[in-house]
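Novice: compute the structure for the input listed below.
(one chain, ligands or ions: 1)
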Amino acid sequence: MPYYDHVVVGGGVAGMTVAMILAMKGSQVTIIESFPFLSPTVRGFRRKGVLFDTGLHYVGGLGDGHPLDVYFKHLGISDLIQKKAYNPNGFDRFIFEETEASYDIPCGFNKLTSRFTNWFPNEGKAIERYFTAIQQALDASPFLNFSMDFDLESAIHNDTTTLEDFLACITENEELKTLLCYQNLLYGVPPAEVLLITHALVAGSYYMSAHTVEGGGNALVKAYEKRLKKLGVDCFCGNRVESIQISDTREVEGVTLSTGKKLSTRSCIWTAHPHGLIKATPDSAFRPAFKKRLATLEDTTSALMLFGISEHPISSLNGRNIFLWPGGSFDDNLNGRSDQGESIIYLSSAYDKKSKKTAITAIMPQPYGPYAQWKDSERSKRPTDYIEYKKTALEKFKQEVFRRAPELQESVEFVDGATPLTLRDYCATPTGSLYGLQHSVSQFNPAPITKVTGLTLAGQGIVAPGILGAIISAYLTCGILVGHDHLHKELRQYA
Ligand SMILES: Cc1cc2nc3c(=O)[nH]c(=O)nc-3n(C[C@H](O)[C@H](O)[C@H](O)COP(=O)(O)OP(=O)(O)OC[C@H]3O[C@@H](n4cnc5c(N)ncnc54)[C@H](O)[C@@H]3O)c2cc1C
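Specialist: Numbering: from 1, shown residues only. As a prediction, this is how the structure comes out:
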């Protein structure tokens, strides 16, 4: 039976990062990915010759010396990708549709403070307090601020203030509040449910800098693949980890794949959705209370997505995303409880060098519920009633996009779309959620260390959502395995 020092379950960004860090330390590592290729969430796809992004539209903190830049340098992939900056004077355009007020959000804390103060001259104090709180949270995290001495305690947040409570303390201006929390679309939890600190870590990274990668998520995954190959990491794609063998003394002994192949190991790092752990581990591995907790963890919302092609770049989307805000509560908008015409729409574009065309993506939060009736159907073998339902939903969404962003009507041809069921199957989350587990005040997500010796967890559900969140979780878990101080010192050299 082949032996590996570490078996990594799941070949998403978190799994690939874990594997790379451990291989860089000289360990024999393998990744097991159930999809036929690595990182189906981020890799994207081509339609009519045009490349579309899926799980990476833009990332925060990739500016020179910023946290993601430091991580990519340490991993040895920064030379294999080409960063592409979003417009630093307005990487996101947020439009209040009721009043047609439009705000271009810039990068950089000084610029943000002065621009917001120009927009809301009577709210200077509130604006100052908000951006100071975000910066303080970034500075206090050893995973984002490498100049501080590493201290795991400081990475554990005891402050239970929600974003909503914090904003209520600093201002009564509803428009300002909305502008200070719209990034919850990037982590899928409404302001009443998210800790200020969680919001700060995600929104704050975009406030630092906003980038994509030339060639999109596809280019990022290819860079990872190149490094994994160079580091000698074995990747078994199209293989599920069906079970993890755990001894009577609660130690990992090996894993069994869907093909029946067995691998021997003393260290298994689970980066797939935590729900999957229940089925993959023997009954005796965890206490019933822990299994119940895993089973009842709630995911972030799902979405409808439309993919369109334009022969020419769309000027309003050049170097920026657009958020179309119809009003209402974030809770209703995020959970897709509003009527379709009244939900937030996110628009993004990417120029595809190969086809010389522009790919347009539109996303609208949508619950999984109505799609659950087809949960037993498989990709490319869906029943006709689902196909009809999908067609109707996407057509309605398309009309909404054209009504609310009429500048797209002339030039964009929508060529494909995704429903919560599509997302469930490509992003491997039970209900097609955009960002996996919710990071919310009412939910206690699993920690990276488990009661089973040799079984650790990483991935977007453990620390924070998004590419940066998945990468930080990989460093946290690898820090447990190889030493935090040691990794932190190495990262410092690139900061
Ligand atoms: C539509 C969309 C847009 C997004 N946009 C952005 C963005 O612009 N910026 C950003 O930062 N983030 C974005 N995200 C989020 C980001 O893509 C994710 O947070 C990140 O990719 C998660 O990485 P991960 O490795 O934790 O999880 P995953 O990518 O889900 O990796 C887990 C892997 O485990 C595999 N797996 C599951 N069970 C098993 C098993 N038993 N055996 C073997 N393999 C298994 C799965 O197939 C999967 O590939 C977006 C996500 C979506 C869906």
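Novice: what's the local residue count around the residue of the stretch 151-300 of the chain found nearest the ligand?
Specialist: Relative to the ligand, the nearest point of the stretch 151-300 of the chain is Ala272 (3.2 Å; CB to the nearest ligand atom). (C-beta placed from N, C-alpha, C; glycine too.) By other CB atoms under 10 Å, 27 other residues sit near Ala272.
Novice: ok so it is a strand residue?
Specialist: No - using DSSP: H, G, I helix; E, B strand; the rest coil, the assignment for Ala272 is coil, not a strand.
Novice: so who does the closest residue to it other than its chain neighbours touch?
Specialist: Spatial nearest neighbour of Ala272, excluding adjacent residues (CB to CB, 6 or more residues apart in numbering): Gly10 at 4.0 Å. When the contact criterion is CB atoms under 8 Å, 6 or more residues apart in numbering, the partners of Gly10 are 31-34, 270-272, 428, 459.
Novice: mind putting those residues into a markdown table with pLDDT?
Specialist: As requested, the contacts of Gly10 are exported to a markdown table (pLDDT from 0 to 100):
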| residue | pLDDT |
| --- | --- |
| Ile31 | 98 |
| Ile32 | 98 |
| Glu33 | 98 |
| Ser34 | 97 |
| Trp270 | 98 |
| Thr271 | 98 |
| Ala272 | 97 |
| Ala428 | 89 |
| Gly459 | 97 |
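Novice: Gly469 contacts Val202, correct?
Specialist: Yes - if you go by CB atoms under 8 Å, Gly469 and Val202 touch, sitting 7.1 Å apart.
Novice: more crowded one of the two?
Specialist: Gly469 (27 against 24).
Novice: what's the spacing between the residue in the stretch 301-450 of the chain that the ligand sits nearest to and Thr30?
Specialist: At 3.5 Å from the ligand, Ala428 is the closest residue in the stretch 301-450 of the chain, using CB to the nearest ligand atom. Ala428 sits 18 Å away from Thr30, taking CB to CB, to the nearest Å as the criterion.
Novice: quick one: secondary structure of Asn145?
Specialist: The three-state label for Asn145, taken from three-state DSSP, comes out as coil.
Novice: and the nearest residue to it once chain neighbours are set aside, how far is that from the ligand?
Specialist: Leaving aside its sequence neighbours, Asn145 sits nearest to Asp139 (CB to CB, 6+ apart; 5.1 Å). Counting by CB to the nearest ligand atom, to the nearest Å, the separation of Asp139 from the ligand is 21 Å.
Novice: so for Asp139, what's the pLDDT?
Specialist: Looking at Asp139, its pLDDT stands at 94.
Novice: for the one 10 residues further on, same thing?
Specialist: Reading off the confidence values, Asp149 has pLDDT 84.
Novice: residue contacts, it?
Specialist: Pro142.
Novice: count the residues that sit near the residue nearest to Asn145.
Specialist: Burial measure for Asp139: 12 neighbouring residues, criterion other CB under 10 Å.
Novice: how about the closest residue to the ligand within the chain: what's its closest non-neighbour residue?
Specialist: Closest to the ligand within the chain is Gly12: 2.2 Å, counting by CB to the nearest ligand atom. In space, and not counting its chain neighbours, Gly12 is closest to Ser39: 5.2 Å by CB to CB, 6+ apart.
Novice: and His312, how many residues sit next to it?
Specialist: Look at His312: counted by other CB under 10 Å, it has 10 neighbours.
Novice: leaving out chain neighbours, which residue sits closest to it?
Specialist: For His312, ignoring the flanking residues on the chain, the nearest one in space by CB to CB, 6+ apart is Ser411 at 6.2 Å.
Novice: backbone torsions only: list them for that neighbour.
Specialist: The phi/psi pair for Ser411 (degrees, to the nearest 10) reads phi -110, psi -10.
Novice: pretty sure it contacts Ser310?
Specialist: Yes - with contact defined as CB under 8 Å, Ser411 reaches Ser310; the gap is 4.5 Å.
Novice: higher neighbour count, those two?
Specialist: Neighbours per residue, other CB under 10 Å: of Ser411 and Ser310, the larger number sits with Ser310, 19 against 15.
Novice: distance of that one from Thr54?
Specialist: Using CB to CB, Ser310 is found at 18 Å from Thr54.
Novice: Thr30 pairs with what?
Specialist: Thr30 has these beta-bridge partners by DSSP bridges: Val7, Asp234.
Novice: and it, what does it touch?
Specialist: Counting by CB under 8 Å, 6+ apart, the residues that Thr30 touches are 4, 6-8, 19, 233-236, 263.
Novice: can you rerun that using 10 Å?
Specialist: 2, 4-9, 19, 23, 233-236, 239, 255, 263, 265 (CB atoms under 10 Å, 6 or more residues apart in numbering).
Novice: in stretch 328-337, what counts as buried?
Specialist: 330, 332-337 (16 or more other CB atoms under 10 Å).
Novice: same question for stretch 380-398.
Specialist: Going by 16+ other CB under 10 Å, stretch 380-398 has these buried residues: 382, 389-390, 393-394, 397-398.
Novice: any chance of these in JSON lines, plus secondary structure and distance to Lys291?
Specialist: Below are the buried residues of stretch 380-398 laid out as JSON lines (DSSP: H, G, I helix; E, B strand; the rest coil; distance: CB to CB, whole Å):
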{"residue": "Arg382", "secondary structure": "coil", "distance to Lys291": "32"}
{"residue": "Tyr389", "secondary structure": "helix", "distance to Lys291": "34"}
{"residue": "Lys390", "secondary structure": "helix", "distance to Lys291": "34"}
{"residue": "Ala393", "secondary structure": "helix", "distance to Lys291": "35"}
{"residue": "Leu394", "secondary structure": "helix", "distance to Lys291": "38"}
{"residue": "Phe397", "secondary structure": "helix", "distance to Lys291": "38"}
{"residue": "Lys398", "secondary structure": "helix", "distance to Lys291": "43"}
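Novice: the residue lying closest to Lys398 once chain neighbours are set aside pairs with what?
Specialist: In space, and not counting its chain neighbours, Lys398 is closest to Phe414: 5.3 Å by CB to CB, 6+ apart. Following DSSP bridges, Phe414 is listed with bridge partners Gly308.
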